[in-house]
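Colleague: coordinates only, sequence not included:
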């Protein structure tokens, strides 16, 4: 299972000092995530690390956002991500979701290995 939280900053409560007091949020859940998404995440990473691929940071971010939308089967939109995540948190937000997919597959592989060994 993978979870993503998006906030509605248009409805944020702000105090007299301009500090955010509260922001409405919505949690999205995708209970089933196949290995296809792990494969795509690895592919994005490999292309990003390959200097000859010509990928810009924008290209990598675009690919990561598209992957997240696909993982959640379009429960939210590209614009929902851009409006629901603060700019300084975007990369970490994307990486967290992709890590949830990757770690899940690692845990499955470890359990499978233990079962085979016993």
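Modeller: Yes, it's here. The structure displayed is predicted, hence computed values, not measured ones. Numbering: from 1, shown residues only.
Colleague: would you map the strands across the chain?
Modeller: Counting by DSSP state E, one finds strands in the chain at the ranges 2-7, 13-14, 20-22, 25-30.
Colleague: turn those into CSV, columns for mean pLDDT and distance to residue 43.
Modeller: Yep, even glycine has a C-beta here, placed from its N, CA and C like the rest. Formatted as CSV, those follow (pLDDT from 0 to 100; distance: least, C-beta to C-beta, whole Å):
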stretch, mean pLDDT, distance to residue 43
strand 2-7, 96, 18
strand 13-14, 94, 41
strand 20-22, 93, 37
strand 25-30, 96, 19
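Colleague: between those strands, which one is closest to residue 55.
Modeller: Minimum separation from residue 55 across the strands of the chain (C-beta to C-beta) falls at strand 2-7, 23.7 Å.
Colleague: for stretch 33-52, which outside residues touch it?
Modeller: Contact with stretch 33-52 is made by 1-2, 53, 55, 60, 63-64, 67, 70-71, 98, 101-102, 104-105, as judged by C-beta atoms under 8 Å, 6 or more residues apart in numbering.
Colleague: mean neighbour count and distance to residue 40 added to the strands of the chain, as CSV?
Modeller: Formatted as CSV, the entries for the strands of the chain read as follows, by neighbours: other C-beta atoms under 10 Å; distance: least, C-beta to C-beta, whole Å:
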stretch, mean neighbour count, distance to residue 40
strand 2-7, 18, 14
strand 13-14, 10, 38
strand 20-22, 10, 34
strand 25-30, 13, 14
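Colleague: would you list these in TSV and tack on distance to residue 84?
Modeller: Listed next are the strands of the chain as TSV, based on distance: least, C-beta to C-beta, whole Å:
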stretch	distance to residue 84
strand 2-7	3
strand 13-14	16
strand 20-22	14
strand 25-30	8
